[in-house]
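In: Sequence first, predicted model second:
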Amino acid sequence: MATSIDKSGLVGLAQFDHYLDAFPRYLRGQRGLSENTERVYLADLQSFRQYLVNEDLGLMDMDRQILRGYLAWLATEGRNGDRGFARVSVARKLTVLRTFYRFLVQEGLFRSTPVPSGRSFKVKAPKRLPIFMGQREVVRLMDAPDESTIIGIRDKAILETLYACGIRLAEVHGLNLRDINFSSREILVRGKGSKERMVVFGEHSHDALMRYITGARPQLMSSPTQALFLNRYGGRLSRRSFEKLVRRYSVEAGTRADVHPHTLRHTFATHMLEGGADLRVIQELLGHTSPTTTQIYTHVTKQEARSAYLNHHPRADEPAPRNSPVAANLEEPIPTGKDG
């Protein structure tokens, strides 16, 4: 299929790359997305670019049939040429593609987007329940840093902040000294889309942060800086360093090897909900735009409640009598509906 030519005279991949270069300005200026999200969008569009190359297609060729072909390619061989992406990744790439074509409409390339809407065309991705830590695991993790060292004092403050505030990796990375208000025990956080919110912290975090800021941080600082968490050379601690230290201390504490800063965010939300906090309050503290995003934690606590019951109730392992309504209902097939 021959590629189309737009009004600028750009053809095929040159046309694609032209608009791809302009896409970040749209994401930042009109969508208000963070730099990290912007990188994800651009990376996802590289998959679409590769598909266009493989099939000798251009941006103007998009229709429902080509979209189906692209999604099938992603699911079967798009990742490394020999295996496909997971459904959740395919669903995300479809969302990114929709955003890109809405941008192309705004640029005058189309009168309306040729990519079908989410209501008429969507990829169903399985909802994964977030992984979180138990309260005893958290205590062991918080106690893991060696507070007789400067780095240990810093790392203790980082762990306490992540768990106490439930903030994202990008958010803790971007914290500045002036963002902390010790008198009100609040931290100003800049979340997705540069949206600001206030999060609170308790006594343990207060003590850890105060000890770091008054004692360890001045010894790490090599030149004036507003960055809150510093590396050994006085610069802002990198995101990768946050990930590595959380993982290292989780192993040392004997919890699990796959703990990530986001695991502590999930743990914060789950423990808040278990403690009786209102879902709307948790939504505000997490910086979720939609309450449906926060509701995933209700499924987590329900699953934990069921697991605790089955493991600890003395009669949980006894099946219901064969002639009981409960047993009869369990033997009936579960209706799946039209979509299965």
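Out: That came through fine. Because the structure is a prediction, the values reported are computed rather than measured.

In: Run a quick neighbour tally on residue 92.
Out: 17 (other CB atoms under 10 Å). The C-beta positions use only the backbone N, C-alpha and C, and glycine is treated the same way.

In: Flag every buried residue along the helix or strand encompassing it.
Out: In this structure, residue 92 is located in helix 87-106 according to DSSP states H and E. Buried residues in helix 87-106, defined by neighbour count with 16 or more other CB atoms under 10 Å: 89-94, 96-104.

In: Repeat that for stretch 32-45.
Out: 33-34, 37-38, 41-42, 44-45.

In: of all those residues, which two lie farthest apart?
Out: 34 and 45 (16.8 Å; CB to CB).

In: just to revisit the earlier point, among the buried residues of stretch 32-45, which ones are in helices?
Out: Those of the buried residues of stretch 32-45 mapping onto helices are 37-38, 41-42, 44-45, per DSSP state H.

In: Output those in CSV; the columns should cover pLDDT and distance to residue 211.
Out: Output for those, formatted as CSV (pLDDT from 0 to 100; distance: CB to CB, whole Å):
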residue, pLDDT, distance to residue 211
37, 85, 34
38, 89, 36
41, 93, 40
42, 94, 41
44, 94, 42
45, 95, 45
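
In: Measure how far stretch 139-156 is from the centre of its chain, please.
Out: Chain-centre distance of stretch 139-156: 26 Å, with CA atoms, centre = their mean, to the nearest Å.

In: Would you mind writing the CA trace of it as CSV?
Out: Output of stretch 139-156 as CSV, limited to C-alpha atoms (Å, rounded to 0.1, in the frame of the first residue of the first chain):
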residue,chain,number,x,y,z
VAL,A,139,8.7,-2.4,60.5
ARG,A,140,11.6,-4.6,59.5
LEU,A,141,12.2,-2.6,56.4
MET,A,142,12.2,0.7,58.3
ASP,A,143,14.7,-0.7,60.8
ALA,A,144,17.1,-2.0,58.1
PRO,A,145,19.3,1.1,57.5
ASP,A,146,22.3,1.6,59.7
GLU,A,147,21.6,4.9,61.4
SER,A,148,25.2,5.2,62.7
THR,A,149,26.2,6.3,59.2
ILE,A,150,25.3,9.3,57.1
ILE,A,151,23.9,7.2,54.3
GLY,A,152,21.9,5.1,56.7
ILE,A,153,20.3,8.2,58.2
ARG,A,154,19.4,9.4,54.7
ASP,A,155,18.0,6.1,53.6
LYS,A,156,15.9,5.8,56.8
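
In: Pull out the buried positions in that stretch.
Out: For stretch 139-156, using 16+ other CB under 10 Å, the buried residues are 140-142, 144-145, 147, 150, 152-156.

In: now swap in stretch 108-118 and tell me
Out: Across stretch 108-118, burial judged by 16+ other CB under 10 Å covers 109-110, 113-115.

In: now stretch 222-230: mean pLDDT?
Out: The average pLDDT within stretch 222-230 is 96.

In: who touches that stretch?
Out: 154, 157-158, 172-173, 175-180, 213, 217, 220-221, 233-237, 242 (CB atoms under 8 Å, 6 or more residues apart in numbering).

In: can we see that at 6 Å?
Out: 158, 175-177, 220, 234, 236-237 (CB atoms under 6 Å, 6 or more residues apart in numbering).

In: Now flag whichever of the buried residues of stretch 139-156 is closest to residue 28.
Out: residue 154 (31.6 Å).

In: Look up how far residue 242 lies from the closest one.
Out: In this view, residue 154 and residue 242 are 11 Å apart by CB to CB, to the nearest Å.

In: for residue 80, same thing?
Out: Taken as CB to CB, the span from residue 80 to residue 242 is 29 Å.

In: ok, these two, which is more surrounded?
Out: Legend: neighbour count by other CB under 10 Å for residue 80 and residue 242, higher for residue 242 (20 against 8).

In: Mind giving me the packing neighbours of the helix or strand containing residue 17?
Out: Using DSSP H and E, residue 17 sits in helix 12-29. Helix 12-29 makes packing contacts with helix 35-55 when contacts are defined by 3 or more CB pairs under 6 Å, 6 or more residues apart in numbering; DSSP states H and E.

In: what's downstream of the helix it packs on, the next helix or strand?
Out: With DSSP H and E, the next secondary element past helix 35-55 is helix 64-76.

In: Would you mind pulling the contact partners of that next one?
Out: 51, 84-85, 90, 116.

In: mind redoing it with 7 Å?
Out: 47-48, 51, 57, 84-85, 90, 93-94, 115-116, 123 (CB atoms under 7 Å, 6 or more residues apart in numbering).

In: could I have that helix exported to PDB, CA atoms only?
Out: The C-alpha coordinates for helix 64-76 follow below in PDB (Å, rounded to 0.1, in the frame of the first residue of the first chain):
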ATOM      1  CA  ARG A  64      -9.900   0.000  11.700                       C
ATOM      2  CA  GLN A  65      -8.400  -2.900   9.700                       C
ATOM      3  CA  ILE A  66      -4.800  -1.600  10.000                       C
ATOM      4  CA  LEU A  67      -5.400  -0.900  13.700                       C
ATOM      5  CA  ARG A  68      -6.400  -4.600  14.200                       C
ATOM      6  CA  GLY A  69      -3.300  -5.700  12.300                       C
ATOM      7  CA  TYR A  70      -1.100  -3.500  14.500                       C
ATOM      8  CA  LEU A  71      -2.600  -4.800  17.700                       C
ATOM      9  CA  ALA A  72      -2.300  -8.400  16.500                       C
ATOM     10  CA  TRP A  73       1.400  -7.700  15.600                       C
ATOM     11  CA  LEU A  74       2.000  -6.300  19.100                       C
ATOM     12  CA  ALA A  75       0.500  -9.300  20.700                       C
ATOM     13  CA  THR A  76       2.400 -11.900  18.700                       C
END
